[in-house]
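Engineer: The amino acid sequence is not available; the structure is as follows:
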Ligand SMILES: Nc1nc2c([nH]c(=O)n2[C@@H]2O[C@H](COP(=O)(O)OP(=O)(O)OP(=O)(O)O)[C@@H](O)[C@H]2O)c(=O)[nH]1
Ligand SMILES: [Mg+2]
């Protein structure tokens, strides 16, 4: 059975909602929801096919696309290869030209609708927000200062999570900081990831864990008891280890020059794209980048942007 090559569009608005459509009952995987798209015709590139399908099905013309992932899936009656691209800008107002119902859904809402089995990796990937905000250095034990900084955080409309990175704090103070961050940011929709030993993270109520490159390379297996585990990487070997351990994401740095690590040689975007292309893992670009770099990061294969300075208001500015 020949594999069907399909161009699939993850159409994202500026609040990170995704446009989905319901497939007509009589079609393959009928009645389920889908990301709009269709078969790549002979002689077409994937992006050309995607643009044609979105014109035919939704009356929109994509003006900005970026590669997101590729999925091979075997149904009992059909083998498909989904070439998934983000669509982050387009001309026109989407309409269901084939009479198909449409809906704009947040990542958390996708999981509640029936999708074809092949789409599950897309839905899992969209559950990771595009921004990962890392805490700035802070005087050890200064919980009041941390509370003020967390209050001042302007959460991007596309969604973000926070990595609590306080390497100078001892375990006891770190545990209190983690509990405080979860309490403060949880209600604002910002998930908090601990950058500490699994035991300290668990004791403070943390459910997501981040490993630095040294901890990653020392790990024999994925740490247990966390809904999400990721790692900092600076080389293809470290990325390969993160993938082999079954981690959920990686940070790859430094993409550009940074004030916090002035002696490290930046990777540049071309090497960044080359390295992340060797693994099947969502990778955040880190190093000298702020939220404005998101489209550039997407264009180079990244899942999103991680950073410190570009995400926090200047110190001393009004809350
Ligand atoms: N468009 C789309 N197709 C998907 C998704 N997930 C998935 O398994 N598929 C499968 O990919 C195949 C091709 O998609 P399609 O039916 O949209 O193809 P098309 O627009 O060219 O339609 P046509 O068959 O009416 O010519 C179908 O077997 C479909 O079940 C998805 O999210 N979007
Ligand atoms: Mg279609």
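Structural biologist: Okay, I see it. Owing to the predicted nature of the structure, the values given are computational and were not obtained by experimental measurement. Ligands and ions are numbered 1, 2, ... in the order given.

Engineer: Tell me who's in contact with the residue in the chain that ligand 1 sits nearest to.
Structural biologist: Among all residues of the chain, residue 38 sits closest to ligand 1, at 2.4 Å; criterion: CB to the nearest ligand atom. Bear in mind the C-beta positions are built from the backbone N, C-alpha and C, glycine included. Applying CB atoms under 8 Å, 6 or more residues apart in numbering to residue 38 gives the contacts 6, 7, 49, 53, 56, 57.

Engineer: pretty sure it is in a strand, no?
Structural biologist: Yes - applying DSSP: H, G, I helix; E, B strand; the rest coil, one finds residue 38 inside a strand.

Engineer: ok, the nearest residue to residue 117 once chain neighbours are set aside - how many residues close by?
Structural biologist: In space, and not counting its chain neighbours, residue 117 is closest to residue 73: 6.5 Å by CB to CB, 6 or more residues apart in numbering. Neighbour count of residue 73, defined by other CB atoms under 10 Å: 17.

Engineer: try the one 4 residues further on
Structural biologist: Burial of residue 77 is recorded as 8 neighbouring residues (other CB under 10 Å).

Engineer: Spatially, what comes nearest to residue 58 if we skip its sequence neighbours?
Structural biologist: residue 94 (4.4 Å).

Engineer: isn't residue 272 right up against residue 300?
Structural biologist: Yes - using CB atoms under 8 Å, residue 272 is in contact with residue 300, at 5.7 Å.

Engineer: who touches both of the two?
Structural biologist: residue 285.

Engineer: Quickly find the element holding the residue nearest to residue 117.
Structural biologist: strand 61-75 (DSSP states H and E).

Engineer: ok but residue 144 is inside a helix, no?
Structural biologist: Yes - secondary structure of residue 144 (three-state DSSP): part of a helix.

Engineer: and residue 236, how many neighbours?
Structural biologist: 15.

Engineer: Kindly apply the preceding question to residue 24 instead.
Structural biologist: 12.

Engineer: residues in this protein within reach of ligand 1, list them.
Structural biologist: Residues of the chain that fall close to ligand 1, judged by CB under 6 Å from any ligand atom: 4, 6, 8, 27-29, 34-39, 53, 78, 80, 82, 116, 118-119.

Engineer: So for the strand holding residue 73, what gets flagged as buried?
Structural biologist: 62, 65, 66, 67, 68, 69, 71, 73 (16 or more other CB atoms under 10 Å).

Engineer: What average pLDDT does the helix ranked longest in the chain get?
Structural biologist: Looking across the chain with DSSP state H, the single longest helix is helix 171-185. For helix 171-185, mean pLDDT rounds to 98.

Engineer: Just say helix, strand or coil for residue 241.
Structural biologist: helix.

Engineer: gap between it and residue 225?
Structural biologist: Computed as CB to CB, to the nearest Å, the residue 241 to residue 225 distance reads 20 Å.

Engineer: Compare these two (neighbour count), which wins?
Structural biologist: residue 241 (20 against 11).

Engineer: Assess the claim that residue 217 and residue 238 are in contact.
Structural biologist: Yes - assessed by CB under 8 Å, residue 217 is found in contact with residue 238 at 6.7 Å.

Engineer: quick one: contacts of stretch 263-281?
Structural biologist: 69, 235-236, 239-240, 242-243, 247, 249-250, 252-258, 283, 285, 287-288, 296, 300-302.

Engineer: Quick one: end-to-end distance for it.
Structural biologist: 28 Å (CA to CA, to the nearest Å).

Engineer: That stretch: which residues count as buried?
Structural biologist: 266, 267, 269, 272, 273, 275, 276, 279, 281.

Engineer: thinking again about what came up before, filter the contacts of stretch 263-281 to the buried ones?
Structural biologist: 69, 239, 242, 247, 249-250, 252-256, 258, 283, 285, 287-288, 300-302.

Engineer: Just the buried residues of stretch 182-201, please?
Structural biologist: Under 16+ other CB under 10 Å, the buried positions of stretch 182-201 are 182, 184-185, 190-196, 198, 200-201.

Engineer: let me redo that: stretch 143-158
Structural biologist: Neighbour count says stretch 143-158 has 146, 149, 150, 153, 155, 156, 158 buried, by 16+ other CB under 10 Å.
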